[in-house]
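J.: Turn this into a model:
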Amino acid sequence: MVRFFPALLLTLLLGACTASRPLPPSEAPPLVLGDLVLDRDTLWQGRILIDGAVQVPRGLTLTIAPGTEIAFVRRDLDEDGLGDATLMVDGRLLARGTRAAPIVFRSAEADPQPGDWLEIHINFSPEVHLQYCEIRDSAHGIHAHFTRGLVENSIIRHNIDGTRLGRARFTIRNSLIEHNLSKGINFRDSQVEVRDNILRYNGAGVFLFEMDRDSIIQGNNFHDNEYHVRLGDFFTGAVRTGENWWGSSDPSQIAARIYDQALDPDIGTVSVVPAAAWLDDTGPRDALALEPLRRHETQGFVDAPPLLADGLILHASWDGTLRALDGKGRQRWRQAFADVLDAPLAGDGERVFGQTWGREVFALALADGRPLWRFTYAESPADDHRQGGLVVAGDLVLVPAWNGTLHALDRSSGAQRWSFDSGAVLRAAPAVAADRCYLVDAAGTVSALDLNGRLLWRRGLDEPLPAAPVSTPEGLAVLGKEGTLTLLSPQGEILWRRPLAEPCFYAAPVYTEGTLLVATAGAGLWRLSAADGSVLWRRPLAGPSYATPLVHGGRIFVGDNSGVLEVFNLESGASLTRLQVGGAIQGAPRALGDQLLFGARDQALHVVRIVDAEITAED
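T.: Reported below is the predicted structural model:
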């Protein structure tokens, strides 16, 4: 398997193998390394492309700077189905990234797959420290023997095996181990401390091949693994774990995901201590601050979320004015209307669409705010508050009206192409998926239509539906006013229902990474599995929330009626910071680079900067 590229060797030795000469910046072409044995202490930074096997001999140290990306070319010369590219470490490996600048080990392929590269192979190393690293797309991840190592605040995902540890001493803590096809953490005859991690969506979360030297498995959250802990065919001892959350408090459900003597009489046993609920302070640690930058005053409540389009920030107010700002907050244009604007806006790259409390639907030119067309619909007794957001679907603009009618307008001319009478008040935007749209109304009815307005099916639920539905790969998620979250199939069948026992209003569910986030008027933020509705965690909010959360950069941003914008870590649910403003926040925030924009009922659009705060090992 060892291959040499003589033409590159001199360049590599002079450029890559010196700590005194920095590598090219990240925007430069990557430094390409073939088969190579380092001959001095080395610093890697920027972009590294490995096409072969790079070896760190005993007595030398490879240091990898924060923000470095190491990509491995897939070549399978031995035709075993696995990529050959490898980082081989017999010396020291110090890869200490930060949350803002993680170190990434990944496949170089356009369509990366588990097994594209072989592993980080470590033998007899006196020191290995991986911090804020992401290891993905490999066959064996970290493959170490006779080595002491620390892996913390890292992500090990999308490998065949996340680790293979033999006769080693490792601590793996505060990390996310997910979507590894076979095993997340795999070890034999080793002393391993597995603490404060999140292990999910793996074939086996923890796999013990044979023997164990008093390893510690404690304080972790396991969920949605095929098996949370699995013993190998040659493991005949007894494993006693500390307290962990096993995805459920039901002993039978926990036992079903433990592979031991209960399933194979020839192997050992696993004893578990179940935690009653999700354990705090798990997964990669996080910290940030929100730094106020500016506020844009209006003469009314700012409930509609800002719309980001073509370099502009568009925000609407109850004062009936729609304003367009550039990225520095300078006003580019404004357009005044005769009534309140509180519905979420929509855009198509050339136009911006909205509706007013005067039942006027409008299209403006995005570049300069010129009126392009207008459409009005009939009044109704429900004309009093909160309009549904508009949605662009192909060449249509879908307009949910107070009077219960969904209007489908030609987005170029505003001419009505079709309409559908739901029979009850509409206060939520429809969801559009593929060739259909889903509509919810105040009578608790879900209607599925094709994009020609033909009714496909209707499903009655037992509570009003004021929040927009969301289409997910698992099905259509619908949230009721009394707090029942329902998942429907594309044919309208109920797949599952989860009563949250908290009132819910206009905050729509948010889908992310196979889960649903829900902010409630009962002052709760929930994360649930989209597959079956099981609760992962709930976090208290400072007040009732009508605002749809925003997921951005591994964090959740959500406002509430007490005027608090709170930020949570997406994985652990840990509260990171709060910002108090002078009025209720009822619209979803929007992210623009490192800035966050949100409106409030103190009559302003707020702009704050997201500032990462680094966490040291001592924190």
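
J.: quick one, phi psi at Gln586?
T.: The phi/psi pair for Gln586 (degrees, to the nearest 10) reads phi -110, psi 0.

J.: Surely it is in contact with Gly559?
T.: Yes - Gln586 is in contact with Gly559 according to CB atoms under 8 Å; the separation is 7.2 Å. Any C-beta I mention is one placed from the backbone N, CA and C, and that applies to glycine too.

J.: Show me which of those two is the more surrounded one.
T.: Using other CB atoms under 10 Å, the more surrounded residue of Gln586 and Gly559 is Gly559, with 32 against 26.

J.: what residues does stretch 234-241 touch?
T.: 208-212, 215, 217-218, 229, 231, 260, 266-273 (CB atoms under 8 Å, 6 or more residues apart in numbering).

J.: All the helices of the chain, residue numbers only.
T.: 6-15, 251-255 (DSSP state H).

J.: ok, residues contacting the shortest one?
T.: Applying CB under 8 Å, 6+ apart, the contact partners of helix 251-255 are His228, Trp246, Gly247, Ser248, Ala262, Val272, Pro274.

J.: ok, how many other residues are close to Gln491?
T.: 10.

J.: Relative to Val478, how far out is it?
T.: 14 Å (CB to CB, to the nearest Å).

J.: Repeat that for Ile585.
T.: Distance from Ile585 to Val478, by CB to CB: 24 Å.

J.: ok, the two, which is more surrounded?
T.: Comparing Ile585 with Val478 by neighbour count (other CB under 10 Å), the higher total belongs to Ile585, at 30 against 27.

J.: The more buried one reaches Leu597, doesn't it?
T.: No - look at Ile585 against Leu597 with CB under 8 Å: they stay out of range, at 11.5 Å.

J.: returning to that earlier point: of the helices of the chain, which shows the lowest average pLDDT?
T.: When these are ranked by mean pLDDT, helix 6-15 comes last with a mean of 37.

J.: follow-up on the earlier one: derive a ChimeraX selection command for the buried subset of the contacts of stretch 234-241.
T.: Filtering the contacts of stretch 234-241 down to the buried ones (16 or more other CB atoms under 10 Å) takes a single ChimeraX command:
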select :208,209,210,211,212,215,217,229,231,260,267,268,270,272
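
J.: Which ones among the contacts of stretch 234-241 map onto strands?
T.: Leu208, Ile217, Gln218, Val229, Leu231, Thr269, Val270, Ser271, Val272, Val273 (DSSP state E).

J.: Looking at those, which is nearest Ala434?
T.: Closest approach between the ones in strands among the contacts of stretch 234-241 and Ala434, by CB to CB: Val229, at 39.6 Å.

J.: What residues are bridge-paired with that closest one?
T.: In this entry, Val229 is beta-bridged to Val206, Ile258, by DSSP bridges.

J.: what's the answer for Val440, then?
T.: Val446.

J.: residues contacting Pro544?
T.: Contacts of Pro544 by CB under 8 Å, 6+ apart are Pro503, Thr520, Ala521, Gly522, Ala523, Asp560, Asn561, Ser562.
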